[in-house]
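Got a sequence here, can you model it:
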Amino acid sequence: MQPLTQPIVKAGILTAPAISVVFHGDFTDSATDLTVSGPMTINSLGDAPDRTFTPLSPGSCSFELQGVTIGVNFHWERRENQRFSGALRIIPGLTAINEVAVEEYLKSVISSEMNSSAKPELLKAHAVISRSWLMAMLRRNRPGTPQSADPDDRIDTSEERIRWWDREDHTLFDVCADDHCQRYQGTTRLSARAVEAVEATRGQVLTSGGEICDARFSKCCGGAFEEFENCWAPVHHPYLEAARDAAVGAAPLPDLTVEENARQWILSSPEAFCNTADSQVLDQVLNSYDRETPDFYRWSVSYDADTLAELIRRRTGIDFGRIIDLKPAARGTSGRITRLIIRGTQRTLALGKELAIRQALSESHLYSSAFVVERLEPDAEGIPAGFVLHGAGWGHGVGLCQIGAAMMAEKGYDYRDILLHYYRGASIETLYQ
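The predicted structure is shown next:
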């Protein structure tokens, strides 16, 4: 693979009716060619196609955006002020984009995704996968490359709704700053240990078959890895394969695409790196607002019949009537449901993929789609009094499991060993110095 020059990434931070920003240091305003500093509110672009504020001294200037939303549509959603290095670009629709060098972007991502107390090997592993994912996305978006070269299995009929979301949802910038892509909160939470990890792995990426790996990650796989195609485009990546999140010599992973095997797996607590309640390890990988989620390896959520029917109606836009059953129709390699049949008194529909299922069954996002359904006592008409979802994991389960990787680092694994545990058969290469 030919050495590259470090690229610039365009990160979408927020869209608002008015953008309030404080410039710390001197910036050149492309709309006026004047130097600006201090607070400013931007209500429109006027006749300009866009407006860019470029720091005169990149190493000592920064800007602070007011009221940035983090955790969009998740249960920890909140607004905060965030500070950034690099340039600020405002485009129509009043969207604020931060244009910043990849390595500076990554220092923020690792600080935002990980706690500052995390082990160095965990931070290094995360720096490599975050860089790999980003570089893979940038390559797919380079001039001359189709917006998406992947096949599309989205379906929307009266009987079936199969949807998935990916980076291609962003057409105005490379990546967003929230969980949909990678958490990027500027220099707001920048930690010295994260900076060291990024610098120690500068330019390093995972590759497979001569291509940069699409290195996804989630909070907790629940003990088993999910395959890429069960969450996104129907493309198989050989380095993202079914496996158990455990040390060599552990019992083999059962076939969790089989319903009975999935049921036994989810209702038990099998050995796994991410099966831990060690608060010191969890503090390394979970920020303060992540710790608001008390259970993640195994969890339960209960709904009475009326609450569930109303929730599904609001979240899907479909009135199923009273809910009679929630029936898994297909599962992935981690036991995550990829196709769920919702049967109501007025409508029956098959819903997928995993994120669509998680959104339909929660006010924000269900922890994961790896769950089994307990139907409570039915009434005379056969309508259950409610449902209990018994689940496993937090997130999609593809690629690196952040809690599992934290435990591996705690046990003394090198970052390379951590990477090759989660990305089977991949190689580690240096793209640029």
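
residue boundaries of the strands in the stretch 201-350 of the chain?
Using DSSP state E, counting those that start in this stretch, the strands of the stretch 201-350 of the chain run over 204-208, 211-212, 217-218, 298-304, 323-331, 337-344, 348-352.

pLDDT of the third one, averaged?
Mean pLDDT, computed over strand 217-218, is 93.

Please give me every residue in contact with the residue of the chain positioned farthest from its centre.
Most distant from the centre of the chain: Ala380, at 43.1 Å, with distances by C-alpha atoms, centre = their mean. Contacts for Ala380 (C-beta atoms under 8 Å, 6 or more residues apart in numbering) come out as none. In short, each C-beta sits where N, CA and C put it, glycine included.

just to revisit the earlier point, single out the most deeply packed of the strands of the stretch 201-350 of the chain.
A comparison of these by mean neighbour count, using mean count of other C-beta atoms under 10 Å, puts strand 217-218 on top with a mean of 24.

partner strands of that strand, parallel or antiparallel?
Its sheet considered, strand 217-218 pairs with strand 400-401 (parallel) by DSSP bridges.

who touches the strand it pairs with?
125-126, 129, 215-221, 225, 245, 273-274, 418-419, 422-423.

Where does pLDDT dip in the stretch 1-150 of the chain?
1-3, 71-76, 141-150 (pLDDT under 70).

go again using 90 as the cut-off
Scanning the stretch 1-150 of the chain for pLDDT under 90 picks out the ranges 1-5, 46-48, 58-59, 69-79, 111-118, 137-150.

Could I get the full set of helices for it?
102-113, 120-140 (DSSP state H, counting those that start in this stretch).

any chance of these in JSON lines, plus distance to His390 and mean neighbour count?
What follows is the helices of the stretch 1-150 of the chain, written out as JSON lines (distance: least, C-beta to C-beta, whole Å; neighbours: other C-beta atoms under 10 Å):
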{"stretch": "helix 102-113", "distance to His390": "28", "mean neighbour count": "26"}
{"stretch": "helix 120-140", "distance to His390": "29", "mean neighbour count": "24"}
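
which one of these lies closest to Ser300?
helix 102-113 (26.8 Å; C-beta to C-beta).

For that closest one, name the packing helices and strands.
strand 8-15, helix 120-140, helix 192-200 (3 or more C-beta pairs under 8 Å, 6 or more residues apart in numbering; DSSP states H and E).

and those as TSV, adding distance to Trp232?
Converted to TSV, those look like this (distance: least, C-beta to C-beta, whole Å):
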stretch	distance to Trp232
strand 8-15	20
helix 120-140	12
helix 192-200	26
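
Which one, of those, ends up nearest to Glu374?
Closest among the helices and strands packed on helix 102-113, using C-beta to C-beta: helix 120-140, at 35.8 Å.

JSON lines for the helices of the stretch 1-150 of the chain, including distance to Tyr303?
Shown next, in JSON lines, are those (distance: least, C-beta to C-beta, whole Å):
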{"stretch": "helix 102-113", "distance to Tyr303": "31"}
{"stretch": "helix 120-140", "distance to Tyr303": "34"}
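
The stretch 51-200 of the chain: strands as residue ranges?
Taking DSSP E, counting those that start in this stretch, the strands of the stretch 51-200 of the chain run over residues 51-55, 62-70, 78-84, 87-91, 95-101, 155-156, 160-162, 175-176.

can I get these in a markdown table with distance to Gly335 and mean neighbour count?
Converted to a markdown table, the strands of the stretch 51-200 of the chain look like this (distance: least, C-beta to C-beta, whole Å; neighbours: other C-beta under 10 Å):
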| stretch | distance to Gly335 | mean neighbour count |
| --- | --- | --- |
| strand 51-55 | 47 | 19 |
| strand 62-70 | 30 | 19 |
| strand 78-84 | 31 | 17 |
| strand 87-91 | 42 | 21 |
| strand 95-101 | 38 | 21 |
| strand 155-156 | 23 | 10 |
| strand 160-162 | 19 | 16 |
| strand 175-176 | 29 | 21 |
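
Indicate which one of those is closest to Asp325.
Proximity to Asp325, assessed across those by C-beta to C-beta, is greatest for strand 160-162 (16.4 Å).

List the neighbouring strands of the closest one plus their orientation.
Strand 160-162 is paired, per DSSP bridges, with strand 155-156 (antiparallel), strand 348-352 (parallel).

Now tabulate those strands in CSV and tack on distance to Glu199.
Below are these laid out as CSV (distance: least, C-beta to C-beta, whole Å):
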stretch, distance to Glu199
strand 155-156, 45
strand 348-352, 41
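
Mean pLDDT and distance to Cys401 added to those, as a markdown table?
Below are the strands paired with strand 160-162 laid out as a markdown table (pLDDT from 0 to 100; distance: least, C-beta to C-beta, whole Å):
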| stretch | mean pLDDT | distance to Cys401 |
| --- | --- | --- |
| strand 155-156 | 94 | 29 |
| strand 348-352 | 98 | 22 |
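
Leu104 reaches Phe84, doesn't it?
Check again: residue 104 is Glu, not Leu. No - in this structure, Glu104 is not within contact of Phe84 by C-beta atoms under 8 Å, at 9.3 Å.

can I get the strands of the stretch 201-350 of the chain in TSV with distance to Thr35?
Below are the strands of the stretch 201-350 of the chain laid out as TSV (distance: least, C-beta to C-beta, whole Å):
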stretch	distance to Thr35
strand 204-208	38
strand 211-212	39
strand 217-218	41
strand 298-304	53
strand 323-331	59
strand 337-344	54
strand 348-352	53
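
And the lengthiest strand in the chain, how far out from the chain middle?
Ordering each strand of the chain by length in residues (DSSP state E) puts strand 19-29 first. Here the centre of strand 19-29 is set off from its chain's centre by 30 Å, with C-alpha atoms, centre = their mean, to the nearest Å.

what's it packed up against?
strand 34-42, strand 51-55, strand 62-70, strand 87-91.

which stretch among those strands comes nearest Leu206?
The nearest among those, by C-beta to C-beta, is strand 62-70 at 26.9 Å.

Report the angle between the closest one and strand 95-101.
Here strand 62-70 runs at an angle of 120 degrees relative to strand 95-101 (axes from the mean of the first three to the mean of the last three C-alpha atoms, to 10 degrees).

So what are the sheet partners of strand 62-70 and their directions?
strand 19-29 (antiparallel), strand 78-84 (antiparallel).

Mind putting these into a markdown table with distance to Ile162?
Shown next, in a markdown table, are those (distance: least, C-beta to C-beta, whole Å):
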| stretch | distance to Ile162 |
| --- | --- |
| strand 19-29 | 37 |
| strand 78-84 | 32 |
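
between these, which one is nearest to Asp166?
With C-beta to C-beta as the yardstick, what comes closest out of those is strand 78-84 (24.6 Å).
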